[in-house]
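J.: let me see the structure of the following:
(3 chains)
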Amino acid sequence: MAFELDGRTYEVDEEGYLADLSEWNAEVAAYMAKEDDCDLDENHWEVINFLREYYDEYQIAPAVRVLTKAIGKKLGKDKGNSKYLYELFPYGPAKQACKYAGLPKPTGCV
Amino acid sequence: MLHTVNKSPHDSSSLRTCLSLAKPGSDLLLIEDGVYGALSGSIHSDTIAERLNSVTIYALGPDLKARGISEDRLISGIKVTGYDGFVELASGNDKVQSWL
Amino acid sequence: MSETKKFMYVNRHAPYGTVYALEGLEVVLIGAAFEQDVSMAFIGDGVFQLKQGQDTADSDMKNFSPAYRALGDYEVNCLYVERESLEERGLNEDDLMPLTWEDEDDDWAEKKSIHIVSRAQLSDLLEEQDVILNF
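T.: Okay, the predicted model is just below:
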């Protein structure tokens, strides 16, 4: 599977996750979000950027529980809870945000 | 003859068997998990070092690097080579025996 | 969860040469969601999984060693490494990645995750477990 954007072709898996992490850019994230009827604002970007940094450091996409805790530590308790994160990413914060961030589907994400 | 060993000496007898059968003058290249056999200070190091006067032993650099083994940790006398050296060894010998 | 069980994941294989190490690590990360009392043991060639300085840039494989540093986030805080296995392989404690976890109950103090234990101690630890999974 693949989609086209600005004349470039991006390979994705059957669930829409980017096949090659290194092809990611902000336009790809915005395009994927649009497809889900989601407009990315700065709160979304905060989580997406956090996930990209996490992946860069640990080479894994964190499980939702780990993401929630880590966000709380980095961005404050008002953001490190599942209510806040589910409002931003209703399809599941780890699953949906990882997709926009160009990461693989989180390990152990059900 | 070029021998290649791709298993850890702690997990498989292939390195020991290879060293006991290799003729003087042969080349031995350690690849994949075989590169663990190049580490000095292990329980197998002495057996391997003893054969270095008759068998030229190489370890594949990229496989050492992947496993976090720096060259200063190798049994002295073992040479490090790259993929190009692998090709040269394979083409420079009349036969290749891959111990699996 | 009504009852917490002691789970130990026993790792006996070197990374990269076979898929055991990576698969085992993924199972640990997935299993962490069940909030059991999880520890890991590294014996035999499994100790090579924790070797510092792994760099796969030249060998077209994924370097998954950084993921061990995330284990603390998954509340997997206890990694037992068998001393005899290290010594037989010409390694010592300083060869291993310095893995830590943060103790929430102790003002997020950073604590060491790796514990070097003797073969006899590991034998006792295995005896204490409810569930042992081998990779």
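
J.: wait, C:Gly24 touches C:Arg12, no?
T.: No: if you go by CB atoms under 8 Å, C:Gly24 and C:Arg12 don't touch, sitting 9.2 Å apart. Where C-beta positions appear, they are placed from N, C-alpha and C, glycine not excepted.

J.: find residues that contact each of those two.
T.: Common contact partners of C:Gly24 and C:Arg12 (CB atoms under 8 Å, 6 or more residues apart in numbering or on different chains): C:Phe135.

J.: of those two, who's got more company?
T.: Per other CB atoms under 10 Å in any protein chain shown, whichever of C:Gly24 and C:Arg12 has more neighbours is C:Gly24, with 22 against 19.

J.: gap between the residue lying closest to the more buried one once chain neighbours are set aside and B:Gly41?
T.: Closest residue to C:Gly24 apart from its sequence neighbours, by CB to CB, 6 or more residues apart in numbering or on different chains: C:Phe135 at 2.9 Å. Distance, C:Phe135 to B:Gly41, using CB to CB, to the nearest Å: 26 Å.

J.: kindly report the same for B:Leu64.
T.: Distance, B:Leu64 to B:Gly41, by CB to CB: 15 Å.

J.: higher neighbour count, these two?
T.: Legend: neighbour count by other CB under 10 Å for B:Leu64 and B:Gly41, higher for B:Leu64 (24 against 13).

J.: so the more buried one makes contact with B:Asp33?
T.: No: the criterion here is CB under 8 Å, and B:Leu64 misses it with B:Asp33 at 11.2 Å.

J.: run through the chain and note the low-pLDDT ranges.
T.: You didn't say which chain, so I picked chain A. For chain A, applying pLDDT under 70 flags the ranges A:107-110.

J.: right idea, wrong chain: chain C
T.: Counting by pLDDT under 70, the ranges of chain C that qualify are C:1-2.

J.: tell me which stretches of it form helices.
T.: Under the criterion DSSP state H, chain C contains helices at C:20-31, C:83-88, C:119-128.

J.: deepest of those, which one?
T.: Across the helices of chain C, averaging neighbours per residue (mean count of other CB atoms under 10 Å in any protein chain shown) puts helix C:20-31 on top, at a mean of 19.
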